[in-house]
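Chemist: only geometry, no sequence info:
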């Protein structure tokens with residue numbers, strides 16, 4: 001229902017933040033409230049979970065984290081509280097690595113995950129997360145601008161994602177410099 005909120009981070013609680021948008025404060029449950037500095041205007045990507053008794057907003061700093069949360073919810077036996085607990089206890093890259101390498105021992109070390117859940121996560125998500133990670137490249141405006149520029153030149157998605165992933169210092173380069181570097185790599 002709500003994809004994101006953009007507003008002022010007004011306060012933290014132990015498990016949530018309050019983001020103020022147009023004079024209304026929305027409580028959003030997040031994995032790491034300290035990642036949302038009080039007093040800053042930020043985008044918070046959200047997922048609304050409605051149950052018989054309540055509606056709860058879960059929030060994420062990046063689309064990659066939101067995508068992983070959504071993927072975990074598709075696994076039988078994993079609800080929003082366990083999915084958020086998993087994200088709170090592991091880095092995204094380590095979690096994805098464990099799933100792709102079928103590391104059930106690591107998954108079982110996460111809160112709320114037993115042998116059955118670990119096996120189900122691996123079964124349902126192995127191979128699927130690689131496709132999803134391509135989208136995370138477009139989390140920021142600069143990468144999205146580069147993507148759109150290369151797409152308009154007729155390059156295919158898989159080639160664009162490949163060369164963007166090869167450029168390690170994207171954060172220090174301008175969009176024009178990234179496009180130039182991508183074009184060099186795509187012309188090889």
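Modeler: Thanks, I have it. Quick caveat: nothing in here was measured; it's all calculated off a predicted structure. Numbers count the residues shown, from 1 in each chain.

Chemist: measure stretch 12-32 end to end?
Modeler: 10 Å (CA to CA, to the nearest Å).

Chemist: buried residues in it?
Modeler: Buried residues in stretch 12-32, counting neighbours by 16 or more other CB atoms under 10 Å, are found at 16, 17, 18, 19, 26, 28, 29, 30, 31. From N, CA and C alone the C-beta is placed, and that goes for glycine too.

Chemist: mind putting the residues you listed into a markdown table with distance to residue 175, pLDDT and secondary structure?
Modeler: Output for those, formatted as a markdown table (distance: CB to CB, whole Å; pLDDT from 0 to 100; DSSP: H, G, I helix; E, B strand; the rest coil):
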| residue | distance to residue 175 | pLDDT | secondary structure |
| --- | --- | --- | --- |
| 16 | 35 | 96 | strand |
| 17 | 30 | 97 | strand |
| 18 | 34 | 97 | strand |
| 19 | 28 | 97 | strand |
| 26 | 32 | 96 | strand |
| 28 | 30 | 97 | strand |
| 29 | 34 | 97 | strand |
| 30 | 29 | 96 | strand |
| 31 | 30 | 92 | coil |
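
Chemist: between these, which is nearest residue 85?
Modeler: Among the buried residues of stretch 12-32, residue 31 lies closest to residue 85 (CB to CB), at 8.2 Å.

Chemist: look up how far residue 62 lies from the closest one.
Modeler: Per CB to CB, to the nearest Å, residue 31 is found 11 Å from residue 62.

Chemist: still on that earlier bit, out of the buried residues of stretch 12-32, what pair is the most spread apart?
Modeler: 26 and 31 (16.8 Å).

Chemist: give me phi/psi at residue 12?
Modeler: Dihedral pair for residue 12: phi -120, psi 150, per degrees, to the nearest 10.

Chemist: ok, it touching residue 37?
Modeler: No - using CB atoms under 8 Å, residue 12 is not in contact with residue 37, being 9.4 Å away.
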